[in-house]
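In: Sequence first, predicted model second:
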Amino acid sequence: MPEALEVILRTVFAVVVLFFLTKVLGKRQVSQLSFFEYITGITVGSLAAYISLDTDKTWHLGLIALIVWVAFSLGIEYLQIKSKKARDFIDFKSTVLIKDGKILENNMKKEKLTTDELLEELRKKDVFKVADVEFAIMESDGAINVLLTRENQPLTPKHLGIKVAPESETQAVIMDGKIMDEPLDTLNLSRGWLEGELEKLNLNVENVFLGQVDSYGELTVDLYTDNVEVQQPQDKPQLYALLKKCEADLELFSLSTKNKEAKQMYENTSEQLQTLLKRLKPFIQN
């Protein structure tokens, strides 16, 4: 067999083997790596290259070494799952870099981290002032996580004592010009409804690169042709979406108020609006 052809065949074989062995090692091998996983990735890649290029008769030894290394890595990962002491010994422990707005210089030296590097990592988290940081910690994979002081944290409904109704996930119902039936079923919608919405926009499914439906039942589309302007929805569907939003707002007001009379009023109004929407739905969604 010609040497070039042999290298090609071995390379294809090595890629296939490496793909399946990487699948066995799991998703962490392609995301943030720990210290040991970093070593594993380099070694496995080197062994795969050896299998591809070694034209001697000993190339199969590289395959054996690759399988042994992957098996050893799986054993180490199992040991880490079972033992906290093993995790701390094999991987680095987390290190506190900032506490109560003050930099811990000894820990910075221990991690061989300069002030410029720390400030750069803080800026990546949209933090420009060390005094605003309650707690900053370097994880075992080298990432730095930051907790701001309470007065510098963004306000949320929870801080205001407001309970927010859960929001449904936006579903992609058209992808690459094809209708996705499973997301439509999740939203309790049909192909007929989707085709009707597209007809209102003077569009065909084949023209749509991506179509999404939000929790209010509103369809938004991105077309293959970027310079074509999508026709705005008609007034009746917009009215239905607006009424649905009003219903959701009334439920939110009902949950957030502590006044019993106001709470009862919001609940009654929300129920009346729900009844009205059921009656109007056949007319304002056409």
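Out: The structure has been received and is ready for your questions. Numbers count the residues shown, from 1 in each chain.
In: Now for residue 101, how many residues are close by?
Out: Using other CB atoms under 10 Å, residue 101 is surrounded by 14 other residues. All C-beta atoms are positioned from the backbone trio N, CA, C, and that covers glycine.
In: so what's the backbone phi/psi at the closest residue to it other than its chain neighbours?
Out: Nearest non-adjacent residue to residue 101, counting by CB to CB, 6 or more residues apart in numbering: residue 131, 4.5 Å away. For residue 131, the backbone dihedrals are phi -60, psi -20 (criterion: degrees, to the nearest 10).
In: just residue 216 next, same as before
Out: phi -90, psi 0.
In: So it is in contact with residue 244, correct?
Out: Yes. Between residue 216 and residue 244 a contact is recorded at 5.0 Å, counting by CB atoms under 8 Å.
In: quick one: the helices in the stretch 151-286 of the chain?
Out: Assigned by DSSP state H, counting those that start in this stretch, the helices in the stretch 151-286 of the chain fall at 181-186, 191-200, 235-256, 260-284.
In: Report pLDDT for the closest residue to residue 206 other than its chain neighbours.
Out: The shortest distance from residue 206 to any residue other than its chain neighbours is 4.7 Å, reached at residue 177 (CB to CB, 6+ apart). At residue 177, the pLDDT value in this model is 89.
In: was I right about residue 266 contacting residue 254?
Out: Yes. Contact criterion CB under 8 Å: residue 266 and residue 254 qualify, at 3.8 Å.
In: what about residue 208, distance to residue 146?
Out: 40 Å (CB to CB, to the nearest Å).
In: just residue 170 next, same as before
Out: Where residue 146 is concerned, residue 170 sits at a distance of 29 Å (CB to CB).
In: what do you get for residue 212?
Out: From residue 212 to residue 146 the distance is 32 Å (CB to CB).
In: quick one: the closest residue to residue 210 other than its chain neighbours from residue 93, how far?
Out: Nearest in space to residue 210, with sequence neighbours left out and distances taken as CB to CB, 6+ apart, is residue 222 at 4.5 Å. Residue 222 sits 46 Å away from residue 93 when distances are taken as CB to CB.
In: Right, I'll call it a day here.
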